[in-house]
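K.L.:
dropping the sequence and predicted coords here.
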Amino acid sequence: MKNVDDVCVIIQARLGSQRVPKKMLRQFADTTLTDISLNKIKNCKSFKKENFFFSAWEPELQQVAKKYDLNVFERSEASAKSEGTPMTEMYEWWDKLPYRYCVLVNACAPFLTPETIDEFVGSYLETKSDGMFGVIEKKNYFWNSQGDLLTPLTEAVMNTKTVQTTYEAAHCLYAGRLDKIGSGIWMGDFNTPGDIELFPMKEEEVFDIDYEWQFKLGEELWKSK
């Protein structure tokens, strides 16, 4: 079991998205994606708010977090422009925050609830695994790039009720050890059983805004809540 004081929670954001420019501060219904994500954190109960950090480089984003009286990690310009490699550049807080573990929350998932974040943090505190990863349970058929069916077909017709459950990456909640990021490892080794624990999530909560059509659809869905 992990001590909650050893765990920090981070939301990382930037304005340099090429597919949806400045999506974190664009008007999203009557709010913004940044406001939505930080409001969730204010309503979480599983960790101390002083253990939370909003990681951003642009002053406009930092000001939003200060409005909510939340900690800001001043991300560098190089980190904000990083496309994922090296990992230590994108996650440059790995050796600068005094914690052993980190929970990373996707800032672009407006329908993710504080309750699910709390459940994820609670599960991570209880597990012996160093890593945890949000997933969606699926019962479906899959093919490889050569068109070969990967899912065993047990009946003459496709019946998803008979298919074994598989798990799809939710790209919404992540957890791992900070020190391992220095070795290029985030969450752990997916090839080592038990190194990363999977955390099933509701599919309606993991809608991730990565393209313009998703921004527009998400906005309409948000208005109808």
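P.N.:
Thanks, I have it. Keep in mind that what you see is a predicted model, and the values were worked out from it rather than measured.
K.L.:
for the lengthiest strand in the chain, packing partners?
P.N.:
Assignment by DSSP state E gives strand 166-177 as the longest strand of the chain. Contact analysis of strand 166-177 by 3 or more CB pairs under 8 Å, 6 or more residues apart in numbering; DSSP states H and E lists strand 101-105, helix 114-126, strand 131-138, strand 196-200 as its packing neighbours. (Glycine included, C-beta is placed from N, CA and C.)
K.L.:
of these, which stretch is the most buried?
P.N.:
strand 101-105 (a mean of 22; mean count of other CB atoms under 10 Å).
K.L.:
return the distance of that one from the chain's centre.
P.N.:
Relative to the centre of its chain, strand 101-105 is centred 8 Å away, using CA atoms, centre = their mean, to the nearest Å.
K.L.:
again with stretch 71-84
P.N.:
16 Å.
K.L.:
picking that back up, between the helices and strands packed on strand 166-177, which one is nearest to residue 222?
P.N.:
Smallest distance to residue 222 across those (CB to CB): 15.9 Å, for helix 114-126.
K.L.:
in the longest strand of the chain, what's buried?
P.N.:
170, 171, 172, 173, 174, 175, 176, 177 (16 or more other CB atoms under 10 Å).
K.L.:
ok, residue 112 to residue 171 distance?
P.N.:
Per CB to CB, to the nearest Å, residue 112 is found 11 Å from residue 171.
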